[in-house]
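Enquirer: predicted model follows, preceded by the sequence.
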Amino acid sequence: MGPAATSLALLCLCSLSVCVPTGTADATPNQKGRRIGYKCYLVYNRYEDYAGASRKCLERGGRIAMPRDRREQEALADYVKSFFNPGNWPVWLGINDLRSEGAYLFDDGTRVSYFQWRKHFLSSQPDGGRRENCVAMSSDNGDWWDHYCDRTMNYLCEFDDRVAL
């Protein structure tokens with residue numbers, strides 16, 4: 001990477017549980033991410049469609065968040081809830097079924113094996129069929145919903161934690 005590419009990358013200074021972003025123009029000093037395992041997560045309170053959110057995360061040196069298991073999902077749900085509390089402001093996750101209806105893949109092309117779909121007797125998810133192909137997480141309870149990919153909402157990026165503790 002040249003100097004221009006390096007200046008766009010987000011660096012996370014991590015403690016045991018908190019990541020503080022540095023190195024980007026849109027990272028404010030009081031903005032705190034969440035460290036989970038070897039990753040640093042950061043909510044962006046800016047509206048983007050799914051493709052735009054994925055692109056913005058890549059531009060910052062990360063990728064759109066892809067929760068791989070229950071532990072990671074629960075920790076992300078807790079972080080997003082605390083960020084937006086009170087209220088429900090969904091965030092894009094790096095999950096979609098754009099290639100084949102009902103076959104959910106992470107943004108990196110790997111198959112999703114853990115799901116946190118909303119279950120309710122009136123409106124269980126996913127319910128969008130071929131129309132709603134991108135996944136967002138609700139900030140009030142962490143449940144997943146399928147949405148139109150061109151809908152704009154907040155998003156969640158993940159970064160590799162490069163700081164050894």
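Expert: It's in.
Enquirer: lowest-confidence helix or strand of this structure?
Expert: helix 3-8 (a mean of 38; mean pLDDT, DSSP states H and E).
Enquirer: mind listing what the longest strand along the chain pairs with, with the direction of each?
Expert: Among the segments of the chain that qualify as a strand by DSSP state E, the longest is strand 39-48. Applying DSSP bridges to the sheet, strand 39-48 is found paired with strand 33-36 (antiparallel), strand 153-160 (antiparallel).
Enquirer: save those strands as JSON lines, and put in mean neighbour count and distance to Arg70 too.
Expert: The C-beta positions use only the backbone N, C-alpha and C, and glycine is treated the same way. Below are the strands paired with strand 39-48 laid out as JSON lines (neighbours: other C-beta atoms under 10 Å; distance: least, C-beta to C-beta, whole Å):
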{"stretch": "strand 33-36", "mean neighbour count": "23", "distance to Arg70": "12"}
{"stretch": "strand 153-160", "mean neighbour count": "22", "distance to Arg70": "17"}
